[in-house]
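Engineer: no sequence for this one, just the structure:
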């Protein structure tokens, strides 16, 4: 099989995912001769809602393979992007280098963006995009430890620092492991799996993805791998994905200029619920209470809802990119009446 055939076969698999990356982390430099095809979900909708244009600054908080950033740059906007994954940053920087000073990519969690922008002297932006979830180059690289289908070190870190998944499963008490599996993975057998892990690690600590997946899957079968929810929950915990989102949403409200828009793409119900409730709490015109004679103006209103309900992929996108089936996009716009003391902070 030729190299071109191998690349085509790999790309057919990767098109079903979110980002495309290189096969190792980060042991050798990324080569631009390597075949990459990045298919960003809801790309047309993101461009439509964020309205890139010359003179506008847009934050891409989850750079990944650079697909969304590239489209926003093509629309004329200045893009400042963030990602914790140094491999993704290296690829996207090379890919988008022709845009020159219009594109800046910084290593870090998107929740740190407000502080990083303040250090750059930027206090207001015209748009913010978050495309949440794990990227396919992370899933597809065994050395990253995200996938139960590929044996590798039990890592799961999106960046280069912090505790690994192995640290969690080898040190946390059973009650805390069960909480993680239940809250972040909606795993109905959370207590059972946590207890099995604690018993097994007394004999030998977990080192690889195969060891953990094998323990969970032992004696079980079904259309979905039994370790799916446990691995998702561990990934969320390792990378503090929920905490990052909960910190970032109010901080981003303070960054948006009047008329600026915040767009968030989620891939599972826990994230989507957090975004939906935050947007609703800060966009409804009135609040009510059974003890009040009438509804009152919402003192926490910061936004106008651009998408009254979530936007999902079109039939054409679903046919070309199966991963888009779980994507949900929600968008709000910063109101022009900026209160002096609101969750967004002073102007």
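Structural biologist: All right, it came through fine. Quick caveat: nothing in here was measured; it's all calculated off a predicted structure.
Engineer: Out of the helices and strands in this structure, which is least certain?
Structural biologist: helix 3-14 (a mean of 39; mean pLDDT, DSSP states H and E).
Engineer: For the next helix or strand after that one, which residues meet the burial criterion?
Structural biologist: Per DSSP states H and E, the first helix or strand lying C-terminal to helix 3-14 is helix 43-50. Within helix 43-50, the residues that count as buried by 16 or more other CB atoms under 10 Å are 43, 45-47, 49-50. From N, CA and C alone the C-beta is placed, and that goes for glycine too.
Engineer: Could you do stretch 258-269 as well?
Structural biologist: For stretch 258-269, burial by neighbour count (16+ other CB under 10 Å) applies to 260-268.
Engineer: so of those residues, which ones are in helices?
Structural biologist: Nothing among those maps onto helices, per DSSP state H.
Engineer: And the pLDDT for residue 149?
Structural biologist: pLDDT recorded at residue 149 is 70.
Engineer: should've said residue 108
Structural biologist: In this model, residue 108 is scored at 94, pLDDT.
Engineer: and it, what is it in contact with?
Structural biologist: 82-84, 116 (CB atoms under 8 Å, 6 or more residues apart in numbering).
Engineer: So which of those belong to helices?
Structural biologist: Those of the contacts of residue 108 lying in helices (DSSP H): residue 116.
Engineer: Tabulate the contacts of residue 108 (CSV), appending distance to residue 244 and pLDDT.
Structural biologist: Below are the contacts of residue 108 laid out as CSV (distance: CB to CB, whole Å; pLDDT from 0 to 100):
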residue, distance to residue 244, pLDDT
82, 11, 97
83, 13, 95
84, 10, 93
116, 14, 95
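Engineer: packing partners for the strand ranked longest in the chain?
Structural biologist: In terms of residue count, the longest strand belonging to the chain (DSSP state E) is strand 256-266. Secondary-structure packing of strand 256-266 (3 or more CB pairs under 8 Å, 6 or more residues apart in numbering; DSSP states H and E): helix 43-50, strand 125-131, helix 241-255, helix 269-281, strand 328-334.
Engineer: List the buried residues of the third one.
Structural biologist: So the one you mean is helix 241-255. For helix 241-255, the neighbour count (16+ other CB under 10 Å) marks 241, 244-245, 247-255 as buried.
Engineer: still on that earlier bit, neighbour-wise, give me the winner out of the contacts of residue 108.
Structural biologist: In terms of neighbour count, residue 83 stands highest of the contacts of residue 108 at 27 neighbours, by other CB atoms under 10 Å.
Engineer: And it, how far from residue 63?
Structural biologist: Per CB to CB, to the nearest Å, residue 83 is found 4 Å from residue 63.
Engineer: tell me, what's touching these two both at once?
Structural biologist: With CB under 8 Å, 6+ apart, residue 83 and residue 63 have common neighbours 89, 92, 105.
Engineer: Go through these and name the one nearest residue 235.
Structural biologist: Residue 235 lies nearest to residue 89 out of those, by CB to CB, at 19.4 Å.
Engineer: residue contacts, that closest one?
Structural biologist: By CB under 8 Å, 6+ apart, residue 89 lies in contact with 63, 83, 105, 107.
Engineer: Return the distance of it relative to residue 294.
Structural biologist: Counting by CB to CB, the gap from residue 89 to residue 294 is 53 Å.
Engineer: before we move on, what about residue 243?
Structural biologist: Computed as CB to CB, the residue 243 to residue 294 distance reads 38 Å.
Engineer: now residue 131
Structural biologist: Taking CB to CB, one finds residue 131 at 41 Å from residue 294.
Engineer: what about the residue lying closest to residue 80 once chain neighbours are set aside, how many neighbours?
Structural biologist: Distances taken as CB to CB, 6 or more residues apart in numbering place residue 104 nearest to residue 80, at 4.8 Å, with adjacent residues excluded. Counted by other CB under 10 Å, the residues lying close to residue 104 total 15.
Engineer: so what does the helix or strand hosting residue 104 touch, helix or strand wise?
Structural biologist: Using DSSP H and E, residue 104 sits in strand 103-107. Counting contacts by 3+ CB pairs under 8 Å, 6+ apart, strand 103-107 packs against strand 78-83, helix 86-96.
Engineer: and the angle from the shortest one to strand 103-107?
Structural biologist: Regarding strand 78-83 and strand 103-107, their directions subtend 20 degrees when assessed with axes from the mean of the first three to the mean of the last three CA atoms, to 10 degrees.
Engineer: Tell me what angle strand 78-83 forms with helix 86-96.
Structural biologist: Angle, strand 78-83 to helix 86-96, by the same axes, to 10 degrees: 160 degrees.
Engineer: Output the below-cut-off pLDDT ranges for the stretch 151-300 of the chain.
Structural biologist: Low-confidence segments of the stretch 151-300 of the chain, defined by pLDDT under 70: 219, 221-223.
Engineer: where exactly do the helices run in it?
Structural biologist: Under the criterion DSSP state H, counting those that start in this stretch, the stretch 151-300 of the chain contains helices at 165-171, 174-185, 190-201, 209-217, 228-238, 241-255, 269-281.
Engineer: still on that earlier bit, who has more neighbours, residue 131 and residue 294?
Structural biologist: Of the pair residue 131 and residue 294, residue 131 is the one with more neighbours under other CB under 10 Å, namely 27 against 6.
Engineer: returning to that earlier point: I'd like the helices and strands packed on strand 256-266 laid out as a markdown table, including distance to residue 146.
Structural biologist: Putting these into a markdown table (distance: least, CB to CB, whole Å) gives the following:
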| stretch | distance to residue 146 |
| --- | --- |
| helix 43-50 | 24 |
| strand 125-131 | 17 |
| helix 241-255 | 13 |
| helix 269-281 | 17 |
| strand 328-334 | 22 |
